[in-house]
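Trainee: predicted structure and sequence below. I'll ask about it afterward.
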Amino acid sequence: MRTFVSILVVPISFAALLCPDLLIAQTNAPEPARTITAVRVSETDVIRLDGVPDEPAWERVQPATDFLQRDPDNGAPATERTEVRVLYDADRLLLSVICHDSEPDRVLANQMQRDRSFETDDRFMWTIDTFLDGRTGYFFEINPAGAMGDGLVDPGADAGFSNDFGVGINRSWDGIWMARVRRTPTGWTAEMEIPFGTVNFDPNGTAWGINFQRTVRRKNEDSLWNGHARNQGLARMTNAGRLEGMAGISQGLGLDVKPYAVGNVASAPGRGRPDALSTGDIGLDAFYNVTPALRANVSINTDFAETEVDQRRVNLTRFPLFFEEKRDFFLEGSGFFDFSREPDEAVVPFFSRRIGLDDRGIQQPIDVGAKLTGQQGAFDVGFLQVRTADTDLQPGEDMSVVRLRRRAFEQSYVGALYTRRSARLAGDTDRHTAGLDFELATSKFRGNQNVELSGFYLWTSSLENADDTSGYGFRLAYPNDPFSAEIAVRELQPNYDPAIGFVERRGYKRIAPTAEYSWRPRSNPWLRSLGWEVELDFISDSENRLLTRELSFTPLEINFEDGSRVAFDVTPTYERLEEDFEIYDDIVLPEGGVYEFTEYQIQASSADHRMIAVGGNLSTGGFFSGHRTEYSAEIGFRPRRGIALMLEAEHNVLDLAEGSFDTDVFRMRADTQFSPWVSVANNLQFDTVSRLLGWQMRLRWIRRPGNDLYVVYTHNWNELPDIGGRRIATLDNRLATKLVYTFRF
């Protein structure tokens, strides 16, 4: 207990040292919510969705304006005026935005591909909370080139897009909506149309939550209509404004039917199958709104031909790497299956990549999948049932997932999770996982501060009827600005093994406090902020013997006004190996080895919005029994709108007592976007561990949102020894086409 108390004191003392007034009670009241009224379109009104809001109907709407800066001058009026108006009829929501700009020739718009990052561009974003519950919502964004992006507001998602302190955007959702953009002599304008059949909502509700954010990239300026404080932001729906005035709206029948056809030509000479094999198939996805808040999805003969490849990585750790889900069927509504609020991927009791993909990432056929997600009364509901097909290599399986969350107060919940994995093979035993979790959260602590307390308990079955199959954890977080801190406590017992989950390691106890502070000077023409951060990680085995002690300290992080960044890190580490660790072929660090070493790192990057953007990292220092140096660099080149080239390289040199080796990873991404509707992405990767060279070309033609044609070519080569050197030979290749069409009723 003495050690635990000492750990807690560290972030508190750190906060008091850097910012003494943090320990003094504040009386800042939350920002009052602004209101905008939607005006119904009359039967005589005609709205042409051409990006120019010049129809008389728009003139009848009082605009949302007077945005306030989040950065750089928090709370000051935005330097460029923005006007947002909302119209609607029985079937759709219409928005228009006028982005005035004092230097219209300097508006930045490079990206044209849907759902790609707009970090290099000017942009306009908005969120809508259709149930006015302050928790869930839909996210949309556009840029001056007409590119569109969308997602779901998800407390469990990565918050990095705007640093919304614990609330992020799950960009997997791909809604059916339309936007048109026009450049003007005074800036740029846009019109957007969102059919009510695209979103779930309460038809009896009197208001929605809504918020808007604009980025002027050359100034690195973000401004919001509501919730401009740095511990609030666009994704925190508790800080959204109100959209009022809508009545008599409908989702229609609420049925979307999406048939698709797939064709493949594949060969694998490097795997003993040199002849080209042609196959074709059809499938169907159907979506039905059981209630305005509850959505059912059935997928028959599921195919993922359009899925992008994973980024190649070299693993120099003892633990498996976590790769995010990229398949649309599993991504749709995935936020309803999120469990707990652990700050990393160490506790993921349901990981959809365990379904339909083997341990090598090779696709396994899925006969049918069914899903139900949404809200029913005070409950968030997630249900998934998937049946995989029998193959020559292994029998098919049936997998079930049930997730329930009971919402409480404004931002809190209690929840339960159950998963079952059953192989269709005589004598096999079903595998089960069950868990409970909770979160108590508020954004009104000490007036307008965020605080979160969460916890979980998990139990897994064991094929050997073993004990010690559980896990539990707690987390207390204070995600605010300029000071943020948290402490997480976790234990996973030695036989904890979720059948459809991800496990990084098991049989350990962990205590991990962190603290972070940012200082922002006023009216500095080149410096935006200075930051400091400390992260501690204490991991012991089930008998409380220390396994890992890692202190990651950032003595200085410098963020410049143009978006450039420099950071320095120092990481003293203690490691005791529980078992042999084969870090490279025939290089083994022995069980029981104890190592103490320190790593030093410097990271630097230029502003992304420039035509040429560069970044790099240099790490050097001790590493287990010897020394490691890592060099990584990336360069991005955007010569004109719609053309983007990214080159990345990573080189590791390890000199250990047990042996020396080096590794390399090279990546190249070349994107060509002919319009917001047609794009070609090329991804080329090579690493010296697998010695595989992989190329994927992915063409997407959006005939209209919901109607897509994909053409995907994948080619893998392996490096083989040859007389006098090495040669490259084809391992496998595949050409796939997929045509998807949506019928909406």
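Mentor: Great, that's in hand.
Trainee: which residues of the stretch 251-400 of the chain fall in strands?
Mentor: 255-268, 273-291, 294-302, 347-348, 366-376, 379-388, 397-408 (DSSP state E, counting those that start in this stretch).
Trainee: just those strands: most buried one?
Mentor: strand 347-348 (a mean of 24; mean count of other C-beta atoms under 10 Å). For glycine as for every other residue, the C-beta is placed from the backbone atoms N, C-alpha and C.
Trainee: which stretches of the stretch 51-200 of the chain have low pLDDT?
Mentor: Within the stretch 51-200 of the chain, the ranges that satisfy pLDDT under 70 run 155-167.
Trainee: make it 80
Mentor: In the predicted model of the stretch 51-200 of the chain, residues 154-168, 170, 172 satisfy pLDDT under 80.
Trainee: re earlier: same list (the strands of the stretch 251-400 of the chain) but as JSON lines, adding distance to Leu425 and mean pLDDT.
Mentor: Below are the strands of the stretch 251-400 of the chain laid out as JSON lines (distance: least, C-beta to C-beta, whole Å; pLDDT from 0 to 100):
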{"stretch": "strand 255-268", "distance to Leu425": "27", "mean pLDDT": "93"}
{"stretch": "strand 273-291", "distance to Leu425": "25", "mean pLDDT": "89"}
{"stretch": "strand 294-302", "distance to Leu425": "22", "mean pLDDT": "90"}
{"stretch": "strand 347-348", "distance to Leu425": "26", "mean pLDDT": "89"}
{"stretch": "strand 366-376", "distance to Leu425": "16", "mean pLDDT": "92"}
{"stretch": "strand 379-388", "distance to Leu425": "12", "mean pLDDT": "94"}
{"stretch": "strand 397-408", "distance to Leu425": "9", "mean pLDDT": "94"}
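Trainee: so which of the ones you listed comes closest to Asn170?
Mentor: Between Asn170 and these, the shortest separation by C-beta to C-beta is 11.9 Å, and it involves strand 366-376.
Trainee: by contact count, what packs against the closest one?
Mentor: If contacts are counted by 3 or more C-beta pairs under 8 Å, 6 or more residues apart in numbering; DSSP states H and E, strand 366-376 sits against strand 273-291, strand 294-302, strand 379-388.
Trainee: let's have those strands in JSON lines, adding distance to Glu410.
Mentor: Compiled in JSON lines, the helices and strands packed on strand 366-376 are given as follows (distance: least, C-beta to C-beta, whole Å):
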{"stretch": "strand 273-291", "distance to Glu410": "23"}
{"stretch": "strand 294-302", "distance to Glu410": "22"}
{"stretch": "strand 379-388", "distance to Glu410": "15"}
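Trainee: so for Asp655, which of these sits nearest?
Mentor: In terms of C-beta to C-beta, the element of the helices and strands packed on strand 366-376 nearest to Asp655 is strand 273-291, at 41.4 Å.
Trainee: any idea of the angle the closest one forms with strand 255-268?
Mentor: 170 degrees (axes from the mean of the first three to the mean of the last three C-alpha atoms, to 10 degrees).
Trainee: what's in contact with strand 273-291?
Mentor: The contact list for strand 273-291 (C-beta atoms under 8 Å, 6 or more residues apart in numbering) reads 197, 200, 251, 254-268, 295-303, 329, 372, 374, 376, 732.
Trainee: again, only this time at 7 Å
Mentor: Strand 273-291 is contacted by residues 200, 251, 254-267, 295-303 when judged by C-beta atoms under 7 Å, 6 or more residues apart in numbering.
Trainee: out of the strands of the stretch 251-400 of the chain, which is closest to Glu599?
Mentor: Here strand 347-348 is closest among the strands of the stretch 251-400 of the chain (C-beta to C-beta), at 25.8 Å.
Trainee: how far out from the middle of the chain is that closest one?
Mentor: Relative to its chain's centre, strand 347-348 lies at 16 Å (C-alpha atoms, centre = their mean, to the nearest Å).
Trainee: direction included, what does that strand pair against?
Mentor: Applying DSSP bridges to the sheet, strand 347-348 is found paired with strand 502-503 (antiparallel).
Trainee: buried stuff in the helix or strand following the strand it pairs with?
Mentor: Following strand 502-503 in sequence order, the next helix or strand is strand 508-519 (DSSP states H and E). Of all the residues in strand 508-519, those buried under the rule 16 or more other C-beta atoms under 10 Å are Tyr508, Lys509, Arg510, Ile511, Ala512, Pro513, Thr514, Ala515, Glu516, Tyr517, Ser518.
Trainee: report all helices and strands that strand 508-519 contacts.
Mentor: On a contact count with 3 or more C-beta pairs under 7 Å, 6 or more residues apart in numbering; DSSP states H and E, strand 508-519 meets helix 2-18, strand 483-492, strand 527-540.
Trainee: list phi and psi for Lys219.
Mentor: phi -100, psi -10 (degrees, to the nearest 10).
Trainee: how near is it to Pro104?
Mentor: Counting by C-beta to C-beta, to the nearest Å, the separation of Lys219 from Pro104 is 14 Å.
Trainee: same question for Phe304.
Mentor: Going from Phe304 to Pro104 by C-beta to C-beta gives 42 Å.
Trainee: now Asp392
Mentor: Distance from Asp392 to Pro104, by C-beta to C-beta: 62 Å.
Trainee: and Pro521, by the same measure?
Mentor: Per C-beta to C-beta, Pro521 is found 30 Å from Pro104.
Trainee: more neighbours, the two?
Mentor: More neighbours surround Pro104 than the other of Pro521 and Pro104, with 15 against 10 (other C-beta atoms under 10 Å).
Trainee: wait, what's in contact with that one?
Mentor: Taking C-beta under 7 Å, 6+ apart, one finds Pro185, Thr186, Gly187 in contact with Pro104.
Trainee: how about 8 Å then?
Mentor: Arg183, Thr184, Pro185, Thr186, Gly187, Trp188 are the contacts of Pro104 under C-beta under 8 Å, 6+ apart.
Trainee: try Ile558
Mentor: Contacts of Ile558 by C-beta under 8 Å, 6+ apart are Leu527, Ser529, Leu530, Gly531, Arg565, Val566, Ala567.
Trainee: next up, the contacts around the second one.
Mentor: This means Ser529. So Ser529 contacts Ser518, Trp519, Arg520, Glu557, Ile558, Asn559 (C-beta under 8 Å, 6+ apart).
Trainee: wait, the first one touches Leu530, no?
Mentor: By that I understand Ser518. Yes - counting by C-beta atoms under 8 Å, Ser518 does reach Leu530; the two are 7.2 Å apart.
Trainee: next, the angle from the host helix or strand of Thr419 to strand 379-388.
Mentor: For Thr419, the enclosing helix or strand under DSSP H and E is strand 412-423. Strand 412-423 runs at 10 degrees relative to strand 379-388, counting by the same axes, to 10 degrees.
Trainee: could you check how far strand 412-423 is from the centre of its chain?
Mentor: 22 Å.
Trainee: list the buried residues in the helix or strand following it.
Mentor: Downstream of strand 412-423, the first helix or strand assigned by DSSP H and E is strand 431-445. Residues of strand 431-445 classed as buried by neighbour count (16+ other C-beta under 10 Å): 431-443.
Trainee: could I get these as TSV with distance to Phe743 and pLDDT?
Mentor: TSV is the format used below for the buried residues of strand 431-445 (distance: C-beta to C-beta, whole Å; pLDDT from 0 to 100):
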residue	distance to Phe743	pLDDT
Arg431	39	93
His432	39	95
Thr433	37	96
Ala434	39	97
Gly435	39	96
Leu436	41	97
Asp437	39	96
Phe438	42	96
Glu439	39	94
Leu440	44	94
Ala441	41	91
Thr442	44	91
Ser443	42	87
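Trainee: which of these sit farthest apart?
Mentor: By the measure C-beta to C-beta, Arg431 and Ser443 form the most distant pair in these, at 39.2 Å.
Trainee: model confidence over whatever helix or strand Asn211 lives in, on average?
Mentor: Element membership for Asn211, per DSSP H and E: strand 207-216. The average pLDDT for strand 207-216 rounds to 96.
Trainee: other SSEs contacting that strand?
Mentor: strand 82-88, strand 123-129, strand 221-224, strand 241-244.
Trainee: the second one: how far from the chain's middle?
Mentor: Distance of strand 123-129 from the chain centroid (C-alpha atoms, centre = their mean) equals 17 Å.
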